[in-house]
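Asks: could you work out the structure for the sequence below:
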Amino acid sequence: MVTVIRSTILAAPIEAVWDVVRDFNGHDRWHPAVATSAIERGRDSDRVGCVRAFRLADGSELREQLLSLSDAETTFSYCLLDTPIPLLNYVAHLRLIPVTDSDHTFCDWRSRFDTPKGREAELAAMVGDNIYSAGLDAIRTHMGLEGA
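Replies: As a prediction, the model looks like this:
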């Protein structure tokens, strides 16, 4: 099993960051890899069990299901249902923690998954760099925090 972890400090209060990432269907507004996204069956995007179907900028189509969401703990978890990338048993967690001495936010994004034998390093780097690191940078840009 592969584990990927990326984290950063965002120079914004936790409530402001949570407003951006909490919407399970909002990643197309800030993540550069996501072109379009829709929640299936007209469900609310914060309802555990909802499924988002989205298209990446390269045309790939994926489906992910929201497994948990906690406003009190500023965290959510999701899994991949359908993907053209061989990420098997993929479950991801995004968690925000307040940095109390500066009113900043610690953001931790991680996942565990299986891959075909021999592709562990390649797929771990792809998820870590192209999804998580790029996403964390995109949140910073979306919030106007580049210089912070």
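
Asks: what's the helix or strand hosting L66 packed up against?
Replies: Assigned by DSSP states H and E, L66 belongs to strand 61-70. Helices and strands touching strand 61-70, by 3 or more C-beta pairs under 8 Å, 6 or more residues apart in numbering; DSSP states H and E, are strand 51-56, strand 75-82. (Glycine included, C-beta is placed from N, CA and C.)

Asks: quick one, the first one and strand 75-82 angle?
Replies: Translated: strand 51-56. Strand 51-56 runs at 70 degrees relative to strand 75-82, counting by axes from the mean of the first three to the mean of the last three C-alpha atoms, to 10 degrees.

Asks: the strands in this structure, which residues?
Replies: 2-10, 34-39, 51-56, 61-70, 75-82, 88-99, 104-114 (DSSP state E).

Asks: tell me the angle the fifth one makes with strand 104-114.
Replies: Between the direction of strand 75-82 and that of strand 104-114, the angle (the same axes, to 10 degrees) works out to 30 degrees.

Asks: what residues does strand 75-82 touch?
Replies: 21-22, 24, 51, 61-70, 87, 90-96, 113 (C-beta atoms under 8 Å, 6 or more residues apart in numbering).

Asks: distance from the chain centre to that strand, please.
Replies: Its chain's C-alpha centre and that of strand 75-82 lie 9 Å apart, by C-alpha atoms, centre = their mean, to the nearest Å.

Asks: circling back to that earlier point, so which of the strands of the chain comes closest to G144?
Replies: Nearest to G144 among the strands of the chain is strand 2-10; the distance by C-beta to C-beta comes to 11.1 Å.

Asks: noted, bye for now.
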